[in-house]
Structure formats: C-alpha cells, structure tokens
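Participant: coords below, sequence missing:
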C-alpha cells in the first residue's frame with residue numbers, strides 16, 4: 001500500500017476522515033452504474049458508522065457545467081440518505097480532483113497527519129484524480145474498494161473496468177474493503 005497507511009490502526013484514537021465522493025442522484029439514473037445498489041449500501045453502512053461515532057465526515061460534490069447540465073433538475077442533488085448533516089464538511093469542485101476546490105485544498109493543506117477513507121461514485125474521475133493529486137501533496141488516502149463505483153464505460157465489462165480503476169488508484173492510495181473497516185471499528189467501539 002503506497003501512501004495509504006494502516007487504516008485499521010486505532011479508529012477511536014485517530015479515526016480517518018470518511019470522504020463521501022459525488023453521492024448525487026445522477027449516478028443512480030438507470031443504467032449509469034452497474035452495481036449502484038451494492039455500493040450505495042456499503043457507503044451508507046460506513047457513513048452510519050461514522051455518524052454514530054461522531055467521527056469526521058467530508059462530502060465532495062462535482063459541480064461541472066457540462067452542456068447537458070440543467071440547474072432545475074434534481075439529478076445533481078444529494079442522494080437523500082447522504083445529504084450532509086450539520087457539522088459535516090462539504091466541498092464543491094468543478095474539475096475531477098477535489099483539489100480544484102480552493103477550500104478543499106486549503107483545508108487538506110492545513111491538516112497534519114490526516115488519513116482519509118474515500119467512498120462513493122465517480123471512481124474513474126473524482127476518486128482517482130483526488131487520490132493522485134493528494135499523493136503528490138503528501139496526503140494519505142485509502143480507497144474502500146467495494147464502496148466505490150465508476151460510470152459505465154461503453155464496450156467494456158463494468159467489473160473489469162472498476163477493478164482496473166481501483167488498481168490504478170492503488171498506486172497512489174491504500175486499498176481496503178468496507179467489511180474490514182467496519183469490523184475493526186466495531187471491535188474497538190465495543
């Protein structure tokens with residue numbers, strides 16, 4: 001694991017920040033993501049665990065202004081269960097990397113020894129771009145491999161594409177499974 005570190009170490013003493021990337025309605029649109037239900041469920045399990053323990057949560061929202069963008073549409077709204085709560089940080093970013101948000105970049109730069117567990121949609125855009133840029137800035141991320149998803153790649157097997165994206169991102173971040181993270185956190189909190 002490069003730059004990811006051991007996310008299983010002492011979640012109560014120094015829990016990683018849970019980064020929820022692009023959990024917007026647009027990704028649940030029919031046919032957009034093959035395993036959206038399973039990924040959404042795992043993301044919700046992790047988010048609930050973090051919220052129950054009052055651990056830090058950070059939300060990323062891509063606000064690209066593509067030609068198809070319709071501000072009246074609810075597609076860019078948060079998925080209801082993932083709507084940020086008071087006290088949770090929210091960063092909107094125009095480019096794939098969350099670091100394209102000045103506020104996010106400044107926040108991450110001001111933190112020392114920060115660890116982030118990243119989940120959500122747009123693995124092949126936001127997640128990948130953010131962990132690559134974070135790696136070059138010395139920030140530690142860990143991708144929760146079964147709690148991330150990519151948009152559908154035309155003509156490519158979705159599972160193979162997702163695996164390739166996780167593997168590529170793994171060159172810049174640690175990789176973990178949600179079950180391991182939940183088990184470690186639950187064992188420590190009991």
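Facilitator: Ah, there it is. The structure presented is a predicted model; accordingly, all values stated were derived computationally and were not measured.

Participant: just checking, next helix/strand downstream of the lengthiest helix in the chain?
Facilitator: Taking DSSP state H as the criterion, the chain has its longest helix at helix 36-52. Going down the chain from helix 36-52, the next helix or strand is strand 57-62, by DSSP states H and E.

Participant: give me the angle between that following strand and helix 36-52.
Facilitator: For strand 57-62 against helix 36-52, the angle by axes from the mean of the first three to the mean of the last three CA atoms, to 10 degrees is 140 degrees.

Participant: show me what strand 57-62 pairs with in its sheet, parallel or antiparallel.
Facilitator: Paired with strand 57-62 in the same sheet, following DSSP bridges, are strand 17-21 (parallel), strand 89-93 (parallel).

Participant: so what's residue 129 up against?
Facilitator: Contacts of residue 129 were listed using CB atoms under 8 Å, 6 or more residues apart in numbering, and they are 95-98. The C-beta positions use only the backbone N, C-alpha and C, and glycine is treated the same way.

Participant: now do the SS call for it.
Facilitator: helix (DSSP: H, G, I helix; E, B strand; the rest coil).

Participant: check which helix or strand the most centrally placed residue in the chain maps to.
Facilitator: Central residue of the chain (CA atoms, centre = their mean): residue 119, 2.9 Å from the mean position. Using DSSP H and E, residue 119 falls within strand 115-120.

Participant: can you check residue 105 too?
Facilitator: According to DSSP H and E, residue 105 maps onto helix 102-110.

Participant: any idea how far apart the tips of stretch 113-130 sit?
Facilitator: With CA to CA, to the nearest Å as the measure, stretch 113-130 spans 17 Å from end to end.

Participant: what's the average pLDDT for it?
Facilitator: Taken as a whole, stretch 113-130 has an average pLDDT of 91.

Participant: before we move on, back to that, for the residue nearest to the centre of the chain, which residues are in contact?
Facilitator: By CB under 8 Å, 6+ apart, the contact list for residue 119 reads 18-21, 42-43, 46-47, 144, 147-148, 178.

Participant: filter those residues down to the buried ones.
Facilitator: When those are checked for burial by 16 or more other CB atoms under 10 Å, the buried set is 18-21, 42-43, 46-47, 144, 147-148, 178.

Participant: with respect to residue 165, which of those residues is nearest?
Facilitator: Ranked by distance to residue 165 (CB to CB), the buried ones among the contacts of residue 119 are led by residue 148 at 8.2 Å.

Participant: what sits up against the lengthiest strand in the chain?
Facilitator: As assigned by DSSP state E, the longest strand anywhere in the chain is strand 140-148. If you take CB under 8 Å, 6+ apart as the criterion, strand 140-148 is touched by 1, 3-5, 7, 16, 19, 21, 38-39, 42-43, 46, 114-121, 123, 127, 130-131, 134-135, 162, 166, 169-170, 172-179, 181.

Participant: and for stretch 85-105?
Facilitator: For stretch 85-105, contacts defined as CB under 8 Å, 6+ apart pick out 19, 21, 51, 56-65, 84, 107-108, 122, 125-126, 128-130, 132-134, 137.
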